[in-house]
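Participant: Fold the following.
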Amino acid sequence: MRVTVIGCSGSFAGPDSAASSYLVSVDAGDRTWNVLLDLGSGALGPLQRHLDPRDLDAVFLTHLHPDHCADLCGLYVAHHYAPAGAPGRRLPVWGPPGTASRMALMYHGLEEGGMDGVFAFSELGDRVPVTVGPLTITPYAVNHPVEAFGFRVEAEGAVLCYTGDTDACDNLEPLMRDADLVLADSAFVDGRDEVRGIHLSGSRAARAAADAGGVKRLVLTHMPAWNDRDVCRAQAEPFWPGAEVAQPHDVYDLGAVAGTSDV
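Facilitator: Numbers count the residues shown, from 1 in each chain. The predicted structure is shown next:
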């Protein structure tokens, strides 16, 4: 399993990164399966550095804030209006209840029939797994002001946890447990952001990973442009020494030998 950071900026696209989007790829037999976790504002552009969007096998949306789903409108255009014609099958898009109608509202002047000619929308359910080729994606309801999910992705013995947007909650333990890699929301800063029930801070993300047990690697992500990454990392350090911070185009190999490299 390879995980590529397409965008890791929180709340809005930053000067150096698109908003949230992570590409998960698994080689199986004579093909590679590609699943996208979120497609936030600005993410469709850098995605094309790594993959032809027509080669996606599914898109999973944690929730319907624009920094996690807005570029699905651009993906619709890329599929529907491509000179070579639309792909022969509809692209599966999994999201919270109401995703299809919300995305249609976002696209002003949408053609008759909406996005259903390009996307096959399905609704996520708490702890209801979805299979895409060799990947199993299990959503866990998390703690955010709107309905939101984190994703536990499993393939060939490797486990990825992507928290999406959340504050501390009971579901973080089974979501993170024994994960090879945890991509954890770290939008808030201790001492600055005191409101609860929206985002994790570096310290709360680190405590959640430690409490879950068996986590091998913690990477902090979803930091708005106004955050100081070094501060977020420092706040995690007492609870998770060696916590890392996501960077655009980083690649995490969750095979037999884990590693990170810049693309």
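Participant: Does A58 touch R89 like I think?
Facilitator: No - counting by CB atoms under 8 Å, A58 does not reach R89; the two are 11.2 Å apart. Backbone N, C-alpha and C define where each C-beta goes, glycine included.
Participant: Between the two, which has more neighbouring residues?
Facilitator: Using other CB atoms under 10 Å, the more surrounded residue of A58 and R89 is A58, with 22 against 9.
Participant: what residues are up against that one?
Facilitator: Contact partners of A58, counting by CB atoms under 8 Å, 6 or more residues apart in numbering, are 35-36, 91-94, 130, 132.
Participant: quick one: buried residues of whichever strand or helix holds V219?
Facilitator: Using DSSP states H and E, V219 sits in strand 218-221. Using 16 or more other CB atoms under 10 Å as the burial criterion, the residues of strand 218-221 that qualify are 218-221.
Participant: The nearest residue to H199 once chain neighbours are set aside and F12: what is the separation?
Facilitator: In space, H199 comes closest to A187 once its chain neighbours are excluded; the distance is 3.9 Å by CB to CB, 6 or more residues apart in numbering. As for A187, its distance to F12 is 11 Å (criterion: CB to CB, to the nearest Å).
Participant: And those two? Which one has more around it.
Facilitator: Using other CB under 10 Å, the more surrounded residue of A187 and F12 is A187, with 25 against 15.
Participant: Give me the distance between that one and D71.
Facilitator: The gap separating A187 from D71 is 19 Å, by CB to CB.
Participant: which residues of the stretch 151-263 of the chain fall in helices?
Facilitator: 172-176, 202-212, 229-236 (DSSP state H, counting those that start in this stretch).
Participant: List the residues that contact the residue most central in space within the chain.
Facilitator: Most central in the chain under CA atoms, centre = their mean is L37, positioned 3.7 Å from the mean C-alpha point. Contact partners of L37, counting by CB under 8 Å, 6+ apart, are 21-24, 60, 62, 151, 153, 162.
Participant: go again using 10 Å as the cut-off
Facilitator: 3, 6, 20-24, 58-62, 68, 137, 150-151, 153, 160, 162, 164, 183 (CB atoms under 10 Å, 6 or more residues apart in numbering).
Participant: What of L181?
Facilitator: Neighbouring residues of L181 by CB under 10 Å, 6+ apart: 1, 3, 153, 158-162, 215-219, 244, 252-254, 258, 260.
Participant: Tell me which of these fall in strands.
Facilitator: Taking DSSP state E, the ones among these that sit in strands are 3, 153, 158-162, 218-219, 244, 252-253, 260.
Participant: a markdown table please, covering those residues and showing pLDDT and distance to A141.
Facilitator: Output for the ones in strands among the contacts of L181, formatted as a markdown table (pLDDT from 0 to 100; distance: CB to CB, whole Å):
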| residue | pLDDT | distance to A141 |
| --- | --- | --- |
| V3 | 98 | 22 |
| V153 | 98 | 16 |
| A158 | 98 | 23 |
| V159 | 98 | 19 |
| L160 | 98 | 18 |
| C161 | 98 | 14 |
| Y162 | 99 | 14 |
| L218 | 98 | 21 |
| V219 | 98 | 22 |
| E244 | 98 | 26 |
| Y252 | 98 | 25 |
| D253 | 97 | 29 |
| T260 | 42 | 29 |
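Participant: Let's have those in a markdown table, adding distance to A236.
Facilitator: As requested, the ones in strands among the contacts of L181 are exported to a markdown table (distance: CB to CB, whole Å):
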| residue | distance to A236 |
| --- | --- |
| V3 | 19 |
| V153 | 22 |
| A158 | 23 |
| V159 | 20 |
| L160 | 19 |
| C161 | 15 |
| Y162 | 17 |
| L218 | 7 |
| V219 | 10 |
| E244 | 9 |
| Y252 | 17 |
| D253 | 23 |
| T260 | 17 |
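Participant: and the two most separated of those?
Facilitator: Farthest pair in these (CB to CB) is V153 and E244. Separation: 18.5 Å.
Participant: roughly how far apart are V132 and L124?
Facilitator: For V132, the distance to L124 - CB to CB - is 13 Å.
Participant: So between these two, which is more surrounded?
Facilitator: Using other CB under 10 Å as the criterion, V132 and L124 rank with L124 on top: 24 against 19.
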